[in-house]
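[1] sequence plus the predicted model coming up.
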Amino acid sequence: MSTTCADPKTLEGLVWLGCYLTNGKHLLFYRSIGTVLLLLAIAAPVSLAMGFGGAMAARARFWPARILGRAYIAMVRGVPDIVFFLFFVIALDQALEFVRHKIKCPDWTDPVFRGSDFVVCPEAKLPLSSSPQIWHEIYGFSLAVFTFGIVFGAFAANVLYGAMRAVPQAQIETAEAYGMTHRQSFWRILVPQMWLYALPGLSNLWMILVKATPLLFLLGVEDIVYWARELGGAKTQAFDYPHPDWRVWYFLALLVFYLLMTYVSQKVLGRLTARLTRGQATLGGEAMRKGAAA
């Protein structure tokens with residue numbers, strides 16, 4: 001911030017607005033947009049990887065793996081996202097600290113669970129209270145990414161499981177008749193073709209993931225929803241830049257941001273779908289063939 005903005009009470013008009021939009025709090029607001037984009041960049045492949053593993057388990061020949069995969073899909077999909085997010089993050093955090101407590105403080109005699117309180121030795125805290133603030137932020141963000149991966153991985157697993165079943169079984173049988181093993185037919189025949197059938201469902205799942213990023217606010221991560229509420233609320237003289245209640249304008253900016261995200265996503269996914277359906281014996285591929293012949 002320049003020296004011009006040193007005393008906000010002396011500013012007026014566009015100068016006041018320019019200093020207001022470039023103060024330290026707004027820089028954190030702009031940085032939170034990067035936090036949301038980083039979450040999408042990491043959570044999407046993590047969810048897809050978990051979904052692929054869940055789909056493989058759901059169709060496995062080994063029955064315990066099959067039961068585990070189908071139970072994962074059914075249980076996570078059957079719980080409201082907000083309930084799972086609030087419960088799972090707390091449970092995972094306490095589980096990690098409890099394990100560390102048993103390892104690092106074996107001589108601890110006081111109970112860990114004291115009514116509604118969960119108390120472990122200081123050495124077991126994650127992260128340590130003496131750790132820099134950046135590690136607290138990384139830890140919270142990592143829990144959020146893992147939770148997003150678990151939740152949306154279950155939906156991705158259901159989509160991929162259905163896509164695997166959509167690939168004609170005759171192709172798998174033909175491949176095995178030509179001498180391919182079950183593993184070879186899976187990776188060389190089934191997996192390359194299933195993406196075409198999975199893409200519509202995965203596209204919808206991506207849109208839902210984009211819209212679910214405000215759940216970061218519930219997980220204690222200072223995302224764009226948090227800062228929109230904080231910066232848009234009415235300020236008093238205790239703040240450098242007092243103003244009326246502007247939350248409607250901040251949330252309108254969030255509306256535009258998410259609409260742009262979904263618009264760009266639709267364009268990219270549309271191009272990807274057109275590329276995958278080219279030459280394929282599907283409705284999309286047939287429409288492209290007829291369009292090229294016309």
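    Noted; the coordinates are in hand. Residues are numbered from 1 along each chain as shown.
[2] excluding chain neighbours, what is closest to residue 230?
    residue 25 (7.4 Å; CB to CB, 6 or more residues apart in numbering). Where you see a C-beta, it was placed from the backbone N, CA and C, and this is true even at glycine.
[3] that neighbour sits in which helix or strand?
    Counting by DSSP states H and E, the element that carries residue 25 is helix 24-58.
[4] how far out from the middle of the chain is that helix?
    4 Å (CA atoms, centre = their mean, to the nearest Å).
[5] try stretch 51-59
    On CA atoms, centre = their mean, the centre of stretch 51-59 falls 19 Å from that of its chain.
[6] and what of stretch 229-246?
    31 Å.
[7] flag every buried residue along that stretch.
    231, 232, 235, 241 (16 or more other CB atoms under 10 Å).
[8] which residues touch the first one?
    Think residue 231. 25, 26, 29, 246, 250 (CB atoms under 8 Å, 6 or more residues apart in numbering).
[9] just the buried subset of the residues you listed, please.
    In the contacts of residue 231, burial by neighbour count holds for 26, 29, 250, counting by 16+ other CB under 10 Å.
[10] could I get those residues as JSON lines with pLDDT and distance to residue 187?
    As requested, the buried ones among the contacts of residue 231 are arranged in JSON lines below (pLDDT from 0 to 100; distance: CB to CB, whole Å):
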{"residue": "26", "pLDDT": "85", "distance to residue 187": "50"}
{"residue": "29", "pLDDT": "87", "distance to residue 187": "46"}
{"residue": "250", "pLDDT": "90", "distance to residue 187": "49"}
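[11] just give me the closest of the residues you listed to residue 49.
    Comparing the buried ones among the contacts of residue 231 against residue 49 with CB to CB places residue 29 closest, at 31.4 Å.
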